[in-house]
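Peer 1: Test case, fold it:
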Amino acid sequence: TLMRPPQGRTDERVAAVSRSLGLAQILWTVTASDYRDHDPEVIKSRILDGAAPGGILLLHDIYPGTVPAVPGIIDGLRARGLTPVTVSQLFAPDKPRPGIAYWNAL
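Peer 2: Predicted structure coming up:
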């Protein structure tokens, strides 16, 4: 029911196709740019600097610094009173509508 357009590239055509497939487009409010920088501390700082209630964080588990950064990200979010959840949990009890692009849940 959810999809992330590669590189966040979306337009009316992507919206129409995703709508026809019953998929909501999920984008992000902050990215770690972990494809570029693999230092876990840099990744953690970028995410925590941009994190906010209702925000969607983009991380890629295929890059070497991302997974090691996650414990510090989670601790940092919790220290600020934020709770990490899945996208589905973020929107609950509502569900994102097919074809619509969402950058956050607020």
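Peer 1: Low-confidence ranges, the chain, go.
Peer 2: Across the chain, the ranges flagged by pLDDT under 70 are 106.
Peer 1: Okay, strands next: where are they in it?
Peer 2: Assigned by DSSP state E, the strands in the chain fall at 2-3, 24-26, 30-31, 57-58, 101-102.
Peer 1: The first one pairs with which strands, parallel or anti?
Peer 2: So the one you mean is strand 2-3. strand 24-26 (parallel) (DSSP bridges).
Peer 1: List the contacts of the partner strand.
Peer 2: Identification of contacts with strand 24-26 by CB atoms under 8 Å, 6 or more residues apart in numbering yields 1-5, 10, 14-15, 18, 56, 87, 95-102. C-beta coordinates here come from the backbone N, C-alpha and C atoms, glycine included.
Peer 1: still on that earlier bit, a markdown table for the strands of the chain, including mean neighbour count and distance to residue 77?
Peer 2: Below are the strands of the chain laid out as a markdown table (neighbours: other CB atoms under 10 Å; distance: least, CB to CB, whole Å):
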| stretch | mean neighbour count | distance to residue 77 |
| --- | --- | --- |
| strand 2-3 | 16 | 21 |
| strand 24-26 | 22 | 18 |
| strand 30-31 | 19 | 11 |
| strand 57-58 | 18 | 9 |
| strand 101-102 | 18 | 19 |
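Peer 1: Many thanks, have a good one.
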